[in-house]
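Colleague: Just to be clear, the model below is a prediction. Sequence and coordinates:
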Amino acid sequence: MLDRTDYALLRLLRKNARLANKDLAAKTGIAPSTALERIRRMREAHVLLGYHAEIAPEAIGIGLQAMVSVRLARHSRALVDSFHRHVLALPEALACYHVAGADDFLVHVGVRDSEHLRNFTLTAFTEREEVAHIETRLIFEYQRNVELPPQPA
């Protein structure tokens, strides 16, 4: 079970995963050895899943982002799993969400431009026989929320 100090450490890491252990300790009012041990424990418990770099999309050639809603024609574990693996293998797929509702997947994609988006969606989605319908929504702005939900009581 995570306590208040664990949440404080997680909040700090979520905002800046490059904070030095001594800074984490100082900001949470604990000893550096305690901070190190708590973070190690949260990694081992799969609370902390990794550390990631935020990269400016334009710096790597992404000029356009979109959310593509995908509806499958049929539903079986094999088809869902196969489609999920397919999406995660696409370099343009920034994130993939398996969702409930009218659509089965939301795929966040990053492409060079509108022509790249058109060609990508036609090839990556409409040519797959398990896909019944897609709908593309352009993303005008994306900002990741660095805050954590409130700590459970």
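Modeller: Looks like it arrived, so ask away. The shown structure was predicted, so the numbers you read here are calculated from the model rather than taken from an experiment.

Colleague: Enumerate every residue touching the residue lying closest to Val111 once chain neighbours are set aside.
Modeller: Closest residue to Val111 apart from its sequence neighbours, by C-beta to C-beta, 6 or more residues apart in numbering: Leu117 at 4.7 Å. (Each C-beta comes from the backbone N, C-alpha and C, glycine too.) Residues in contact with Leu117 (C-beta atoms under 8 Å, 6 or more residues apart in numbering) are Leu64, Ala66, Val109, Val111, Thr136.

Colleague: Next, give phi and psi for Leu117.
Modeller: Per-residue torsions, Leu117: phi -60, psi -50 (degrees, to the nearest 10).

Colleague: what's the spacing between it and Arg43?
Modeller: Separation of Leu117 from Arg43 (C-beta to C-beta, to the nearest Å): 37 Å.

Colleague: Could you list the domains of this structure?
Modeller: 4-44, 57-139 (automatic domain parsing).

Colleague: Now do the same contact list for the most centrally placed residue in the chain.
Modeller: In the chain, the C-alpha nearest the mean C-alpha coordinate belongs to Ala95, at 5.2 Å (C-alpha atoms, centre = their mean). Going by C-beta under 8 Å, 6+ apart, Ala95 touches Val107, His108.

Colleague: and it, that's in a helix?
Modeller: No. Secondary structure assignment (DSSP: H, G, I helix; E, B strand; the rest coil) places Ala95 in strand, not in a helix.

Colleague: Let me know how buried the closest residue in space to Leu64 that isn't next to it in sequence is, in neighbour terms.
Modeller: Once flanking residues are discounted, Leu64 sits nearest to Val111: 5.3 Å by C-beta to C-beta, 6+ apart. Around Val111 there are 22 other residues, counting by other C-beta atoms under 10 Å.

Colleague: Also Ile30?
Modeller: 17.
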